[in-house]
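**Q** sequence plus predicted model, see below.
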Amino acid sequence: MKHSVLVRLLPAGLLLLLISVQAPAYIGLCCAKCGGNMPMNIPGGGIPETHEFRLKISPMYMRMDGLRDGTDHIHVDDILGMPIDMAGNPTGKYMAAPTDMDMKMLNVSLGYSFSDRFFAGLMLMYRDNDMDMRFSPMMQTMTGKDGFTMKSDGIGDTMLMTKYRLFADDPLIPTSQASLFLGLSLPTGSIDEKNSHHPVDSRQNELLPYGMQLGTGTFDPSIGLLYQGSSSPWWWGVNTTYTARLYDNKRDYHLGDELRADAYAMYQVAPRWLAQLQLNGQYQDDISGEMDEYADGDSGHVIPGNPGSPPATPLWDTNNYGGRQVFATVGLQWQPAPLHIVDLNIGLPLYQDLHGPQLETDYRVMLTWYIEIPTKKSVRYGINRSQPAGDSTLGF
């Protein structure tokens, strides 16, 4: 029942807002060249006016709480216990298991529109992960602690991306357009993070498990097809993106392939305000291979140095990664000044079918500050930035 009331009430409240507030026809908060309004949390939204930069600064917070296997909730105590029985056989229990996680990210994106059709950019990421672990009764007795917190923080992977507009019904102010998205993730995030906060000294030199590392360790290509339509004051769209993991990293594993599908509807309730509703679907496959130090027995086993002993936590079982998720996201955009947008959105899970046991997502929140920067070649260079937002008939 957790969040079920919120999941039902938030979309209903947004629908009431859209019905009850009448807005005049309006071109949108963002540049008309991109078709008007666009979501800030979905990569590939919009194309800036030609010869303009786009800067996005987006802090994000995601809360994960509780375990799930498939669609079933699991209590952490059900999987804690003695991993090996008296005969030396695995029991399927673990010495420690995750209970919750706080993930904080800061994404900074910079892009440039080279023509009416072609846009290129890059996104840098910083990650800060805190995962609370609970010990089994045996480990609690041995350490004198209920558990500990795994931690990792630092630069994540870097994304290069391009977008090419395949079709637009109007080259100046399109109301229907389709684009091709191409991306490449660069392995700038570390996959060498250590379990340095473990209360047992001998475990502190072990590597952190897969989900606590800061990057993938591989160059990962993405391809997507994006569609956007509009009939002011409405905007809508569907984005699909596939990310392939094609080879093992230096530690002999790679993350699973990923497929994302996002559908959104946006309504401009006033010249400087916009409401939005999204459905965000994601599928990710299991991890392939296994970390070299786990295969050697140096990290993640019940008996250190013994690769034949069971995993100490479910985080070391590569089958406990990936799955299917669907989120409902609601948000507001505000134009505080010409060429600036502030976007706040909140996502809640509607459906989670996880390859578990693994942590399930409680909610995620993203705040974005978006800036359009005309160069001297842009037709918008030198516009009056002191003009009150919303006074222009083009919305910038």
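**A** Right, received. Where do you want to start? On a predicted model such as this, the values are computed, not experimentally measured, just so you know.

**Q** which residues of the stretch 1-150 of the chain fall in strands?
**A** Using DSSP state E, counting those that start in this stretch, the strands of the stretch 1-150 of the chain run over 52-70, 72-74, 96-113, 118-135, 147-155.

**Q** now do the residue nearest to residue 80 when sequence neighbours are not counted against residue 83, distance only.
**A** Closest residue to residue 80 apart from its sequence neighbours, by C-beta to C-beta, 6 or more residues apart in numbering: residue 136 at 4.2 Å. (Glycine included, C-beta is placed from N, CA and C.) Per C-beta to C-beta, to the nearest Å, residue 136 is found 8 Å from residue 83.

**Q** any common contacting residues for those two?
**A** 93-95 (C-beta atoms under 8 Å, 6 or more residues apart in numbering).

**Q** out of those residues, which is nearest to residue 284?
**A** Lowest distance from residue 284 to those (C-beta to C-beta) belongs to residue 94, with 22.4 Å.

**Q** ok, what's across the strand from the closest one?
**A** Beta-bridge pairing of residue 94 under DSSP bridges involves residue 80.

**Q** report the contact partners of it.
**A** 79-81, 83, 136, 310-314.

**Q** buried members of those residues into ChimeraX, please.
**A** Selection of buried members from the contacts of residue 94 for ChimeraX, criterion 16 or more other C-beta atoms under 10 Å:
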select :79,80,83,136,310,311,312,313,314
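
**Q** correct me, but residue 302 touches residue 313?
**A** No. Using C-beta atoms under 8 Å as the test, residue 302 is too far from residue 313 to be in contact (9.6 Å).

**Q** identify the contacts common to the two.
**A** residue 95.

**Q** and stretch 148-163, what's buried?
**A** Buried residues in stretch 148-163 (16+ other C-beta under 10 Å): 148, 150, 152, 154, 156-163.

**Q** same deal with stretch 346-353?
**A** Going by 16+ other C-beta under 10 Å, stretch 346-353 has these buried residues: 346-350, 352.

**Q** just the C-alpha atoms of it, please, in CSV.
**A** This file holds the C-alpha atoms of stretch 346-353, laid out as CSV (Å, rounded to 0.1, in the frame of the first residue of the first chain):
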residue,chain,number,x,y,z
ILE,A,346,8.8,14.1,-8.7
GLY,A,347,8.6,10.5,-9.8
LEU,A,348,6.7,7.7,-8.0
PRO,A,349,6.8,4.0,-9.0
LEU,A,350,3.6,2.5,-10.5
TYR,A,351,5.1,-0.9,-11.2
GLN,A,352,8.3,-2.7,-10.2
ASP,A,353,9.3,-6.2,-11.3
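
**Q** what sits up against it?
**A** With C-beta under 8 Å, 6+ apart, stretch 346-353 has contacts from 3, 6-7, 10, 68, 70-71, 278-280, 323-331, 360-366.

**Q** repeat that with 10 Å
**A** By C-beta atoms under 10 Å, 6 or more residues apart in numbering, the residues outside stretch 346-353 that reach it are 2-4, 6-8, 10-11, 41, 60, 62, 68-73, 278-281, 283, 323-332, 358, 360-366.
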